[in-house]
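*Asks:* Sequence plus predicted model, see below.
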Amino acid sequence: MVGVNPANIKNKIKRSEVYQKQKEAKAKDKKDRRKRDVEAAALGDEVPVKKVQRTLDNTREADETVVAPDDEEVEADEAGDEFARFFNNETTPKIMITTRPRPSAELFMFIRDLMQMLPNAFFYPRKSATVKQLCQWCNNKKFTHLFVLSEKSKVCNGLLVAVLPAGPTAFFKVSNVKTSEDIHNRGTVSPHQPELILNNFNTRLGHRVGRFLGSVFPHEPDFNGRQVVTFHNQRDFIFVRHHRYVFEGNELEAAAAAEVLDEGDEGQNGGAGEGGGHKKKVATLKGKDGSATRTRLQELGPRFTLKMRWLQEGTFDTECGEYEWIHKRKEMDTSRRKFHL
C-alpha cells in the first residue's frame, strides 16, 4: 500500500483506509528515524543530515539584481537618494492620512490603528479634492508623506503613498486587513517611538521599496517602549506587523535581555521579524544567576499585507508621470519561483 496513490481509489471507504495506513506508516518511520539519530548522537556516530524541504523561497530563480550585503555602489546610491534625509534624521516624517470620497465607517477603524502605529500621523477628510490637489496642500503644510486609502465592500483594498515634495509615489494593493479590535489578546499601543525591521528586501528594487517604507518612521526608536514595526517581504508580499516584546521573570534579567534584543533591531534587513503575526513567539534568555527570562511577542495591531503595483517618479501624475516599475502580471509572473523584491 506504500506506493499506492489513494486518490486513484474510487471506493471512499477503501480510499480512507489506505490513506490512514499510509499516514500511520509515515509517522512510525519518522519516529524511528528520530530515535536512530538520538542513539547515533549518544554513541558519537555521525548523524545523517536532515533534508531541507524545497519551498518557493529556497528554490527562487536566480536574479541578477540581488544586492550583496556590502555592495558599495548601492550604498553610495542610497546615501544620496530621496530617503536619505529620513534615515539620517535630518527630516522628521509628518504623515497625512485621507481616504477616497465618501468612505465607510469601517475604514476609520483601520485609520485609527494606522495613526497609533505611525508616529506623527494626522487624518484629514478627503472631501472633493483630487490627489494632485492634496499633494500641493500637504506640501504647503510641510507634510512629508501622503497616504490615500481606498476600499471595496467596506474593506480597505488599496494604499497610495506619495513622498513629498518631489516623490516618488507608490501604489500598494492591501489585503488581509485585521484591525486591533479583531486581534485576540492584543496589547495597548504606547506613545514610544517604535523600532523598525525591514526584512528580506534583497534586490535593487527591494532595497528601494524597503527604504520607501522605512521613510515613514523616525529613526530614533525609544527602546523602553519595546515596540516593533516589521515589514517582512516574502514572495513579493509585504507582511506588516506591530508587536511589543515582553519579558517575563526577574526585573534584572529582563533588563539584561532587553539590552541583548535591542542590538541590531533597527535598519535594512535587520533582525528576524514576526512574519505571520498569528503565532506567539517565545524565547528564553538566561541571566547572570542562571535563572531564565521568557521573552514573547504581544501583537498590538493592525495586521495587513501589501503588494506593490507600481512605483512612479515624482508625485502622483497619471498623465505625464514616469514609472520606475509597474507590475505587469502576464509578462512578469512567468514562474512561481520568480520574485522582484
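*Replies:* It's in.
*Asks:* surely residue 147 meets residue 164?
*Replies:* No - in this structure, residue 147 is not within contact of residue 164 by C-beta atoms under 8 Å, at 11.4 Å. Heads up, the C-betas are built off the backbone N, CA and C, glycines and all.
*Asks:* how many other residues sit next to residue 34?
*Replies:* Per other C-beta atoms under 10 Å, the neighbour tally for residue 34 reads 10.
*Asks:* Could you pull up phi and psi at it?
*Replies:* Main-chain torsions, residue 34, degrees, to the nearest 10: phi -60, psi -40.
*Asks:* same thing with residue 149?
*Replies:* Taking degrees, to the nearest 10, you get phi -100, psi 140 for the backbone angles of residue 149.
*Asks:* Just give the nearest non-adjacent residue to it, would you?
*Replies:* Among residues not flanking residue 149 along the chain, residue 99 sits closest, at 5.0 Å (C-beta to C-beta, 6 or more residues apart in numbering).
*Asks:* So that neighbour sits against residue 154, correct?
*Replies:* No - between residue 99 and residue 154 there is no contact under C-beta under 8 Å: 12.0 Å.
*Asks:* Report the separation between residue 106 and residue 112.
*Replies:* Distance, residue 106 to residue 112, by C-beta to C-beta, to the nearest Å: 11 Å.
*Asks:* quick one on the thing from earlier: identify the contacts common to residue 99 and residue 154.
*Replies:* residue 107 (C-beta atoms under 8 Å, 6 or more residues apart in numbering).
*Asks:* for the stretch 1-150 of the chain, what spans make up the strands?
*Replies:* Assigned by DSSP state E, counting those that start in this stretch, the stretch 1-150 of the chain shows strands spanning 95-99, 121-123, 145-152.
*Asks:* winner for burial among these?
*Replies:* strand 95-99 (a mean of 21; mean count of other C-beta atoms under 10 Å).
*Asks:* Partner strands of that strand, with direction?
*Replies:* Sheet pairing here is set by DSSP bridges, and for strand 95-99 it gives strand 121-123 (parallel), strand 145-152 (parallel).
*Asks:* Out of these, flag the one nearest residue 228.
*Replies:* Residue 228 sits nearest to strand 121-123 of all the strands paired with strand 95-99, at 17.5 Å, using C-beta to C-beta.
*Asks:* what's the closest one in contact with?
*Replies:* The contact list for strand 121-123 (C-beta under 8 Å, 6+ apart) reads 94-98, 111, 114-115, 147.
*Asks:* No further queries at this time; thank you.
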